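**Q** Okay, sequence plus prediction incoming.
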Amino acid sequence: MAPAEPGPPPHPAPVVIVGAGPAGLTVGNILRAASVDCVVLETETREFIERRPRAGVIEEWAVRGLRQRGLAGNLLERAVSHTTCEFRFDGQRFRFPYTELTGAHHFVYPQPLLVTDLVREYADVRGGDIRFGVRDVRLHDLDSDRPSVSYVCPETGQRRLVECDFVAGCDGARGVTRASMPAEHARLSRHDYGIGWLALLAEAPPSSDCVLFGCHPRGFAGHMARSPEVTRYYLQCTPGEDPENWTHDRVWTELRERLGAAGAPPLTEGRLIEKRVLDMHDYVVEPMVYGRLFLAGDAAHLVAPIAAKGMNLALHDAFLLGDGLVAQLTKGDGTTLAGYSEACLRRVWDYQEFSQWLSELYHGTAAGDPFRAGTTLARLRRLFTSPAAAAAFAEQYLGTAAQY
Ligand code: FAD
């Protein structure tokens, strides 16, 4: 580890949390609820993280976990329940009423609203320490009993050092904490789908009462309501493609084509307020722990947004890590922390496998291979002809398995 540079005297805190996304803020809130001191370090401003658009679909167990920790007040008031999704293929519409089949549903609550709720609760209600706009975060002595984290303070330009007992690495896919694990200690497994998605936010009301998946020979298209005024759309494209290749007219022509089906109402078009290309890839770090560093969320595992699972996994990690740190720091009970990585990874690998399976369902008909197109259509049809296949899909889609 890099040695800490000289600066003002160190400020100790039992836990330093790197990153104020859903994972880091949830861990911080759990610690503050148990009166455990911590410091959250975030490179962006509060305004930025409260507006960054990303996820929207949250699973019931995750909302239950937030509610049990006093973090779901606004969500329960404002989130919309999703009970059905619709596949469109072969020019037809196939509705999949998963709540009718299972009794379970999805919550739709935009990630910026959840982050806004979590920051307010942590900083303004529970009195948590959070430092925005920090630069050049570095981790030190992770394999000792007294690790520390240093950063450059945006106001003074000076390097500050925070000594701690534990570091929570919650700084997402592009953070520094994962890279602080020695390569010989952690295995990084990657999967690249070789597929891009043009992720769009349209200033337009939803065009359907449910999520739409268009499995079309020209490529996948998706439709997901975010609010009464804003809708997320996806279009399969070439990975690394310049989003500017996609003009307003091209986007809406492709969406109409790929989501078109007999009897489907027309799409409600609107101004495109976000347009970026996501390269579909996954990774998993094993174990998620090194010395006193515990990774959580996208810092430890990225799951392409194919199955809308990433934020759910980040929350799952955060519940286990927050509870484990509280047990260790208030009762000296290290059982949860000792089993943390294994308990997280079981759900992570299950969700990764489902994303791969779903990727073939979404993209197989556009692979340019008639054999793959044939097996993909068989897989799609089976969901609507076999109750056993429908039940298995619903369980994975909703994350309701009794055990992982
Ligand atoms: P992040 O949200 O990435 O938070 C990490 C934080 O760390 C950020 O605030 C970042 O600024 C900060 N940071 C970075 N580097 C540093 C540093 N060096 N020092 C300090 N701070 C740092 N998931 C779902 O479950 N459902 C969905 O519907 C869904 N849809 C998605 C749609 C899109 C288009 C995308 C891109 C993702 C989607 N996801 C979805 C995935 C989800 O958004 C992520 O999995 C989730 O944000 C992970 O949370 P996190 O807290 O681990 O990381």
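**A** Structure's in. What do you need? This one's a predicted model, so the numbers in the text were calculated from it and none came from an experiment.

**Q** for the closest residue to residue 42 other than its chain neighbours, phi and psi?
**A** Spatially, and ignoring its direct neighbours in sequence, residue 42 is nearest to residue 20 (3.8 Å; C-beta to C-beta, 6 or more residues apart in numbering). (Glycine included, C-beta is placed from N, CA and C.) Geometry field for residue 20 lists phi and psi as phi -110, psi 60, criterion degrees, to the nearest 10.

**Q** ok, residue 20 - how many residues close by?
**A** When neighbours are counted by other C-beta atoms under 10 Å, residue 20 registers 28.

**Q** cool, and residue 398?
**A** When neighbours are defined as other C-beta under 10 Å, residue 398 has 19 of them.

**Q** Would you mind listing the residues in contact with the closest residue to it other than its chain neighbours?
**A** Once flanking residues are discounted, residue 398 sits nearest to residue 104: 4.8 Å by C-beta to C-beta, 6+ apart. Contacts of residue 104 were listed using C-beta atoms under 8 Å, 6 or more residues apart in numbering, and they are 60, 98, 394, 398, 400.

**Q** what's the spacing between the closest residue to residue 38 other than its chain neighbours and residue 96?
**A** Closest residue to residue 38 apart from its sequence neighbours, by C-beta to C-beta, 6+ apart: residue 15 at 4.0 Å. Taking C-beta to C-beta, to the nearest Å as the measure, residue 15 falls 42 Å from residue 96.

**Q** what do you get for residue 146?
**A** 53 Å.

**Q** In terms of neighbours, single out the busier of those two.
**A** Using other C-beta under 10 Å as the criterion, residue 146 and residue 96 rank with residue 96 on top: 19 against 12.

**Q** The more buried one pairs with what?
**A** Beta-bridge partners of residue 96, counted by DSSP bridges, are residue 85.

**Q** same deal with residue 18?
**A** Residues in a beta bridge with residue 18, per DSSP bridges, are residue 41, residue 169.

**Q** Distance check, it against residue 345.
**A** According to C-beta to C-beta, residue 18 and residue 345 sit 20 Å apart.

**Q** Neighbour count for the two, which is higher?
**A** For residue 18 versus residue 345, neighbours defined as other C-beta under 10 Å are more numerous around residue 18 (28 against 20).

**Q** Isn't that one up against residue 167?
**A** Yes - here residue 18 reaches residue 167: they are 6.7 Å apart, a contact under C-beta atoms under 8 Å.

**Q** Find residues that contact each of those two.
**A** Jointly contacting residue 18 and residue 167 under the rule C-beta under 8 Å, 6+ apart are 139, 149, 177.

**Q** Scan those residues and report the most crowded one.
**A** residue 149 (29 neighbours).

**Q** element containing that residue, please.
**A** Element membership for residue 149 (DSSP states H and E) is strand 148-152.

**Q** Just want the angle from the helix or strand just after that strand to strand 148-152.
**A** Per DSSP H and E, the first helix or strand lying C-terminal to strand 148-152 is strand 159-163. Here the directions of strand 159-163 and strand 148-152 differ by 160 degrees (axes from the mean of the first three to the mean of the last three C-alpha atoms, to 10 degrees).

**Q** So is strand 159-163 next to the ligand?
**A** No - against the ligand, strand 159-163 shows no contacts by C-beta under 6 Å from any ligand atom, the least distance being 12.4 Å.

**Q** thinking again about what came up before, didn't the residue nearest to residue 42 look like it was pressed against residue 50?
**A** No - contact criterion C-beta under 8 Å: residue 20 and residue 50 do not qualify, at 9.9 Å.

**Q** what sits in contact with each of these two?
**A** 115, 119.

**Q** give me the number of residues near residue 179?
**A** By other C-beta under 10 Å, 12 other residues sit near residue 179.

**Q** Restricting to C-alpha, output the lengthiest helix in the chain in CSV.
**A** Identified as the longest helix of the chain according to DSSP state H is helix 340-363. What follows is the C-alpha trace of helix 340-363 in CSV, where atoms were taken according to Å, rounded to 0.1, in the frame of the first residue of the first chain:
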residue,chain,number,x,y,z
TYR,A,340,-19.8,-11.8,4.5
SER,A,341,-18.0,-12.6,1.2
GLU,A,342,-19.5,-16.1,0.8
ALA,A,343,-23.0,-15.0,1.7
CYS,A,344,-22.9,-12.1,-0.8
LEU,A,345,-21.3,-14.1,-3.6
ARG,A,346,-24.0,-16.8,-3.5
ARG,A,347,-26.6,-14.3,-4.6
VAL,A,348,-24.2,-12.5,-6.9
TRP,A,349,-23.4,-15.7,-8.9
ASP,A,350,-27.1,-16.6,-9.1
TYR,A,351,-28.0,-13.2,-10.5
GLN,A,352,-25.0,-13.3,-12.9
GLU,A,353,-26.2,-16.6,-14.3
PHE,A,354,-29.8,-15.3,-14.7
SER,A,355,-28.4,-12.2,-16.6
GLN,A,356,-26.5,-14.5,-19.0
TRP,A,357,-29.6,-16.6,-19.5
LEU,A,358,-31.8,-13.5,-20.1
SER,A,359,-29.2,-12.0,-22.5
GLU,A,360,-29.7,-15.0,-24.8
LEU,A,361,-33.4,-14.5,-24.6
TYR,A,362,-33.1,-10.8,-25.5
HIS,A,363,-30.3,-10.9,-28.1
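
**Q** Let me know the angle separating the helix or strand just after it from helix 340-363.
**A** Sequence-wise, the next helix or strand downstream of helix 340-363 (DSSP H and E) is helix 370-385. Here the directions of helix 370-385 and helix 340-363 differ by 110 degrees (the same axes, to 10 degrees).

**Q** Helix 370-385 packs against which elements?
**A** Packing partners of helix 370-385 (3 or more C-beta pairs under 8 Å, 6 or more residues apart in numbering; DSSP states H and E): strand 85-89, strand 92-96, helix 340-363, helix 387-398.

**Q** Need the winner for burial among the ones you listed.
**A** Of those, the one with the most neighbours on average (mean count of other C-beta atoms under 10 Å) is strand 85-89, at a mean of 21.

**Q** which parts of this structure sit against the ligand?
**A** Counting by C-beta under 6 Å from any ligand atom, the chain comes close to the ligand at 18-24, 41-44, 49, 54-57, 111, 137, 170-172, 174-176, 199, 278, 297-298, 305, 308-312, 314.

**Q** Show the buried residues in those residues.
**A** 18-24, 41-44, 49, 54-57, 111, 137, 170-172, 175-176, 199, 297-298, 305, 308-312, 314 (16 or more other C-beta atoms under 10 Å).
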